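Visitor: For reference, the sequence and a predicted model appear below.
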Amino acid sequence: MTVGAGAGQRLHIVVPYRDRESHLGQFVPWVSAYFDRLTPPIDYRVTIVEQEAGLPFNRGALKNAGFLLGEGQSDYTCLHDVDYLPVDADYSWADCPTPILWYGAEQRPVAPGISDKTVSTNLESTMGGALLVPNAIMRQVDGYSNAFWGWGYEDFDFSLRIRARRIATGRRKGRFQPLDHRNDGFTPDAAPSPISQVNRRLFQELWSTGKIPAGDGLSSLSFEVLDRRPCDGCVDGGQGGVRERWEIVRVRFAHVPRPDQVEADRAAPACGPQGR
């Protein structure tokens, strides 16, 4: 498999994670083997950023934490969900924010085994799934908001942070194998879930003035590293030292969710593995 040029540019893949063991067990060997086959090879490392139990999932803050953990050893970052496995995708250097997820994300089930309802993604505008960002631009926009606990809207917020600064974006139509899971943004009937509605209101509050919200992002995030461990399941191949490229880092955030976020997150139905 051949990818575009990016000689000398170091890639850091950041995967926000909690309680998705079955998906992680597929993601690690698949992505490890995928990168081992790339020609020319990409100098990469992967950080699985695991949130400790006890609070609603905060995907934006986890992405920020992962970025900060690898910023000094990389030139660009891929913010990557654990439920998308690359089949034919270009991870090479991008000089602007560039989503690479396309095929495989068109329609996803909201509650596999519970409901036959699906939701579709606007592939022309989405910044989720797998996104390449030069580290300098990640700093320029102050990363993601840390305010969205539970499901959603951190990707919409990040997209506005880019567009409000008139930063150019790209798009690559990569093909991915999706891993099905319950989508916390919707009820089994495909209606917006309680946590989705709460975070939508928060998103509207943050951008109500028309100005870029300040003081919420990389610059304000405080977190503690609880432990670090190697990531099992990598495939040893031609690049050498493959297992040393992968690490799981468990973190604890210093900030907490709003009461309405906690209440809405608890209202999610218990119908199987949760996720984005």
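Guide: Nice, thanks for sending it over.
Visitor: where does the stretch 51-200 of the chain dip in pLDDT?
Guide: Confidence mapping of the stretch 51-200 of the chain against pLDDT under 70 gives zero matching residues.
Visitor: mind listing the strands for it?
Guide: 76-80, 84-88, 98-99, 101-103, 107-109, 118-120, 130-134, 174-178 (DSSP state E, counting those that start in this stretch).
Visitor: Dump these into a markdown table; add distance to Phe35 and mean neighbour count as well.
Guide: Every residue, glycine included, has its C-beta placed from N, CA and C. Below are these laid out as a markdown table (distance: least, Cβ to Cβ, whole Å; neighbours: other Cβ atoms under 10 Å):
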| stretch | distance to Phe35 | mean neighbour count |
| --- | --- | --- |
| strand 76-80 | 11 | 25 |
| strand 84-88 | 9 | 18 |
| strand 98-99 | 18 | 25 |
| strand 101-103 | 17 | 20 |
| strand 107-109 | 25 | 16 |
| strand 118-120 | 30 | 12 |
| strand 130-134 | 13 | 24 |
| strand 174-178 | 14 | 17 |
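Visitor: So which of these is nearest Arg229?
Guide: Nearest to Arg229 among these is strand 76-80 (19.2 Å), distances taken as Cβ to Cβ.
Visitor: what packs against that closest one?
Guide: strand 11-17, helix 59-70, strand 130-134, helix 135-140 (3 or more Cβ pairs under 8 Å, 6 or more residues apart in numbering; DSSP states H and E).
Visitor: So in that sheet, which strands flank it, and in what orientation?
Guide: Taking DSSP bridges as the criterion, strand 76-80 pairs within the sheet with strand 11-17 (parallel), strand 130-134 (antiparallel).
Visitor: Check the offset of that strand from the chain's centre.
Guide: Relative to its chain's centre, strand 76-80 lies at 8 Å (Cα atoms, centre = their mean, to the nearest Å).
Visitor: Identify the residues contacting that strand?
Guide: 9-16, 63, 66-67, 70-71, 91, 93-94, 100, 129-135, 138 (Cβ atoms under 8 Å, 6 or more residues apart in numbering).
Visitor: still on that earlier bit, quick one, which of the helices and strands packed on strand 76-80 is nearest to Ala191?
Guide: helix 59-70 (21.3 Å).
Visitor: Many thanks, we can stop here.
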